[in-house]
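Asker: below is the sequence, then the predicted model.
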Amino acid sequence: ARMIVQGGNIPQPDQVEFENVAAEHRSRARVSYAQGDLARTLTEWMAQEELPDARADRLGVAMAMAATEHPGAADAIARLAEVEPTEAKVVEGRMWQQMGEVETAFGFLLEALTQYRQDPWPLPGVMSEALSVVGQLAGRDGTKAARAHAVLGEPFVVESLREARLQMRYELLGPAGLEASCEETFLDYEPYPRWNLEFLRNRKFCYLSRSHPLARQAADDLDAFLEGVSDDATEALLGPSPSE
């Protein structure tokens, strides 16, 4: 079951002999979850009577119930929390989001990301989804953006999802209104900044505006980037020079 949820090779139920009909329904539910069909996941699991016991089954059923606002969602989430509380926080956040309770959902998702600093066991896919949803919700609300920016300031356990975490923190700078303290966000990338125009320009402006010791390096890096771009491409990226 765990292999299926993690996205490994998915054995199709039609290619497998099952000991009984209930086992076939459970297998179909697992495949449906791996394929992202949560409604079918729930339909197949509810067609048999066994409660989910394996951690991957608990996750799949809880996520399916949360997404479909099933009345058993709270119990399914509690059952998941017995074996993986961080993932349970994510699912609970998604449940509240589905119900339109954005503030409550956001709180649970931030709690999950905070716990992910110490809990090495959640599936990366589940936590990546939580990070993405937090970004979506925070991008439209300055207060939420500032809260998320602060939570993402500390690395997840064993540097999990490092690039995604740093990218989200960078993207939240504007919505959070944190340009005045931007150097903290850019310093997370040093000494290997992202090598694209937008990032390098913003990094240079940030360090210069704060009189940071790396301001000269940031300017040199931007110049080096532009040296590798043709004159026509540079003008397209930056616009015409003031003299034109």
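Answerer: Perfect, thanks for sending it. Numbering: from 1, shown residues only.

Asker: distance of residue 136 relative to residue 173?
Answerer: As judged by CB to CB, to the nearest Å, residue 136 and residue 173 stand 16 Å apart. In this view, the C-beta of every residue, glycine as well, is placed from N, C-alpha and C.

Asker: hmm, I typed the wrong one, I wanted residue 75.
Answerer: 40 Å.

Asker: between these two, which is the more surrounded one?
Answerer: residue 173 (19 against 13; other CB atoms under 10 Å).

Asker: can you pull the contacts of that one?
Answerer: For residue 173, the contacting residues are 149, 179, 182, 185, by CB atoms under 8 Å, 6 or more residues apart in numbering.

Asker: tell me the contacts of the first one?
Answerer: If a contact means CB under 8 Å, 6+ apart, then residue 149 has 138, 169, 172-173, 176, 178, 185 as its contacts.

Asker: which residues of this structure fall in strands?
Answerer: Counting by DSSP state E, the chain forms no strands at all.

Asker: how many other residues sit next to residue 98?
Answerer: 14.

Asker: could you turn the buried ones of the contacts of residue 149 into a PyMOL selection?
Answerer: Of the contacts of residue 149, the buried ones go into a single PyMOL selection, burial set by 16 or more other CB atoms under 10 Å:
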select buried, resi 138+169+172+173+176+178+185
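
Asker: check the contacts of residue 149 for the minimum pLDDT and say which it is.
Answerer: Looking at the contacts of residue 149 by pLDDT, the weakest one is residue 178, with 74.

Asker: any weak-confidence spans in this structure?
Answerer: Scanning the chain for pLDDT under 70 picks out 1-16, 18, 180, 230-244.

Asker: can you do 50?
Answerer: Residues of the chain that meet the criterion pLDDT under 50 lie in 3-4, 235, 240-244.

Asker: for residue 206, see how far away residue 200 is.
Answerer: 11 Å.

Asker: these two: which has the busier surroundings?
Answerer: residue 206 (23 against 20).

Asker: surely that one touches residue 181?
Answerer: No: contact criterion CB atoms under 8 Å: residue 206 and residue 181 do not qualify, at 9.4 Å.

Asker: pretty sure residue 80 contacts residue 62?
Answerer: Yes: using CB under 8 Å, residue 80 makes contact with residue 62 at a distance of 4.5 Å.
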